[in-house]
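Undergrad: turn this into a structure:
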Amino acid sequence: MNLLNEDNIVHIFLNKIGDIVIANLLFILCSIPLVTIGPSLTALYHCMLRTVKDNNNGTIKTFFRAFKENFVQSLIVWLLIAAAGFVLITNMLFLIGNNGAASQILLYGSCAILALLIIFTLYIFPVIAAFANTLRALSRNAFLLAFIHFPTTLAMAVISLLPMYMTYQDIELMPLYACCWFFFGFGLTAFINSCLLYRFFRKLLPEEE
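TA: Predicted coordinates:
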């Protein structure tokens, strides 16, 4: 086995690991202002989708190009998601303390809307990363893809949310979890999700992409 051969499976594996780690660190760096999490997440998915496709010619260059090109759309979406999430969670915390029938109905309704918001969040940034369109069209397509491919949506929800839930549940292992998130956690999550998404994204992408 020639380890110097670029087509060698070990070489390919190490390249993908490198892409994940570099993109993960860039995502954290560019998310520090918090308001730029959306553009950073879009750039992360752009890199990971290209890594899945074996078309990632320079992770740093690819990341910052995607960050710049999709900045405005991703920023608007992220700010709207953050505002909606804050309002919903605040409303749910208030309703939990009320035992009235009306409060329970409103609580269930808020939970349903929050679930839709989470589903939308799982898809909108990869969709922005992969396709060029108006924000309205991208948002509509994100919802359509999420419900057309609902088993994939459930898998992405588990892959994205379960590790975060486990991180906050085990205080003793928090330093280990934090280290994992810092070096590869976000990138690996995006890579696995990208593997799932690319199965039907590739049918919608133009040939030259």
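Undergrad: which parts of this structure are strands?
TA: Using DSSP state E, the chain contains no strands.
Undergrad: list the buried residues for the longest helix along it?
TA: Longest helix in the chain, counting residues (DSSP state H): helix 101-130. For helix 101-130, burial by neighbour count (16 or more other C-beta atoms under 10 Å) applies to 106-107, 110, 114, 118-130. Where you see a C-beta, it was placed from the backbone N, CA and C, and this is true even at glycine.
Undergrad: and Gly51, how many neighbours?
TA: Quick fix: residue 51 reads Thr, not Gly. 25 (other C-beta atoms under 10 Å).
Undergrad: residue contacts, the closest residue to it other than its chain neighbours?
TA: Leaving aside its sequence neighbours, Thr51 sits nearest to Asp19 (C-beta to C-beta, 6 or more residues apart in numbering; 4.5 Å). Counting by C-beta atoms under 8 Å, 6 or more residues apart in numbering, Asp19 makes contact with Cys47, Met48, Thr51, Asn56, Thr59, Gly187.
Undergrad: most widely separated two among these?
TA: The span of these, defined through C-beta to C-beta, is set by Asn56 and Gly187 at 11.9 Å.
Undergrad: okay, the two: which has more neighbours?
TA: Gly187 (26 against 22).
Undergrad: wait, doesn't that one sit right on Phe27?
TA: Yes - judged on C-beta atoms under 8 Å, Gly187 makes contact with Phe27 at a distance of 6.8 Å.
Undergrad: shared neighbours of the two, anything?
TA: Common neighbours of Gly187 and Phe27 (C-beta under 8 Å, 6+ apart) are Leu44.
Undergrad: can you list the contacts of Asp19 in JSON lines and add distance to Gln73?
TA: Below are the contacts of Asp19 laid out as JSON lines (distance: C-beta to C-beta, whole Å):
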{"residue": "Cys47", "distance to Gln73": "17"}
{"residue": "Met48", "distance to Gln73": "18"}
{"residue": "Thr51", "distance to Gln73": "22"}
{"residue": "Asn56", "distance to Gln73": "22"}
{"residue": "Thr59", "distance to Gln73": "22"}
{"residue": "Gly187", "distance to Gln73": "22"}
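Undergrad: can you lay out those as TSV showing pLDDT?
TA: Compiled in TSV, those are given as follows (pLDDT from 0 to 100):
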residue	pLDDT
Cys47	97
Met48	96
Thr51	94
Asn56	77
Thr59	93
Gly187	97
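Undergrad: so which of those residues belong to helices?
TA: Short answer: the contacts of Asp19 in helices (DSSP H) are Cys47, Met48, Thr51, Thr59, Gly187.
Undergrad: make CSV out of these and add distance to Ser139.
TA: CSV is the format used below for the ones in helices among the contacts of Asp19 (distance: C-beta to C-beta, whole Å):
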residue, distance to Ser139
Cys47, 22
Met48, 21
Thr51, 25
Thr59, 28
Gly187, 25
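Undergrad: nearest to Lys68, of those?
TA: Cys47 (13.5 Å).
Undergrad: surely the closest one meets Phe64?
TA: No - Cys47 lies out of contact with Phe64 (C-beta under 8 Å); the separation is 10.0 Å.
Undergrad: how about the helices of the protein, start to end?
TA: 9-31, 37-52, 59-69, 71-96, 101-130, 135-148, 150-169, 174-180, 186-201.
Undergrad: pLDDT of the longest one, averaged?
TA: So the one you mean is helix 101-130. On average, the pLDDT along helix 101-130 is 95.
Undergrad: please consider this matter closed, and thank you.
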